[in-house]
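Chemist: next comes the sequence, and after it the predicted model I'd like to discuss.
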Amino acid sequence: MKEHYLDLNYLNELSGGENAFTIDILETFIVNTPDILNEMQQAYESKDWDLLNKSAHKGKSSFQFVGSKIMYEAAYKIEILCAKPDEVDANEVLPLLEKVKDAYYITKEYIEEELIQLRG
Amino acid sequence: MKILVIEDEELTRKALEFRLKKEGYEVIACMDGREGLQRINDPGIDLIITDIMLPFNSGLEIVNYMKTKMDKKIPVIILSALGLEDIVLEAFKLGADDFMTKPFSTNELSFRIKKFLA
């Protein structure tokens, strides 16, 4: 369901009806998120659990902005799993990382539809 | 009234800047702790809002610097995502004046700032 990937209630509260702000945030999300996901992927591949913990922590702030609950929850779980680097089970982390990445592409499509409407 | 915002996460930084300017405040926005420490000594800053986890210098270092090295006392509001309660407590011990969780609400932001800048 769309609202699991994109929920603009929070953004609409922040914007107070100013579409230019909402457009800026959505565009910034699309531009920045691939780098966040790449950092998380590279941290996973190098088994740098502290970096993955920090990247997931930062990423989930962004994901909350656009109300992507699936991305947020998966990133939050990654953050928790990687909080103790000595106890990380990579097999638990990988499916969550894939979930964040897959959800991003769906979220991005919904955002692009939204941007078409916002731009008039 | 001038507010210094120190936040490396771009969406949060943009949102803070947008909301604060809408409320009539002048905003200096920094994207890391090093820049934040440099701008702290800019004239006329009335309030600082800082994230805790920052590149180069953390929010805790910024609070500690302000409370131990600066003559002028400027209120500091700490921004924190849920799950960092221990660090927030540490910030209070160092002298932070208030905190907000991320994502912040517009009403809460307005209320907390007016507490210091009324």
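Modeler: Here it is on my side, so go on. Residues are numbered from 1 along each chain as shown, chains lettered A, B, ... in the order given.

Chemist: what ranges do the strands span in chain B?
Modeler: Ranges of strands within chain B are B:2-6, B:26-30, B:45-51, B:76-81, B:98-102, based on DSSP state E.

Chemist: of all those strands, which one is nearest A:Glu114?
Modeler: Nearest to A:Glu114, of all those, is strand B:98-102, at 22.5 Å by Cβ to Cβ. Backbone N, C-alpha and C define where each C-beta goes, glycine included.

Chemist: immediately after the lowest-mean-pLDDT helix or strand in chain A, which helix or strand?
Modeler: The least trusted helix or strand in chain A, going by mean pLDDT, DSSP states H and E, turns out to be helix A:2-5, with a mean of 91. Next along the chain after helix A:2-5, taking DSSP states H and E as the criterion, comes helix A:9-15.

Chemist: alpha carbons of that following helix, as PDB, please.
Modeler: Provided in PDB are the C-alpha atoms of helix A:9-15 (Å, rounded to 0.1, in the frame of the first residue of the first chain):
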ATOM      1  CA  ASN A   9       1.400  14.200   6.400                       C
ATOM      2  CA  TYR A  10       4.600  15.200   8.300                       C
ATOM      3  CA  LEU A  11       6.000  17.100   5.300                       C
ATOM      4  CA  ASN A  12       2.600  18.900   4.800                       C
ATOM      5  CA  GLU A  13       2.600  20.000   8.400                       C
ATOM      6  CA  LEU A  14       6.200  21.300   8.100                       C
ATOM      7  CA  SER A  15       5.500  23.100   4.800                       C
END
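
Chemist: which elements pack onto that helix?
Modeler: Other elements packing on helix A:9-15 under the criterion 3 or more Cβ pairs under 8 Å, 6 or more residues apart in numbering or on different chains; DSSP states H and E are helix A:19-45, helix A:49-65, helix B:10-22.
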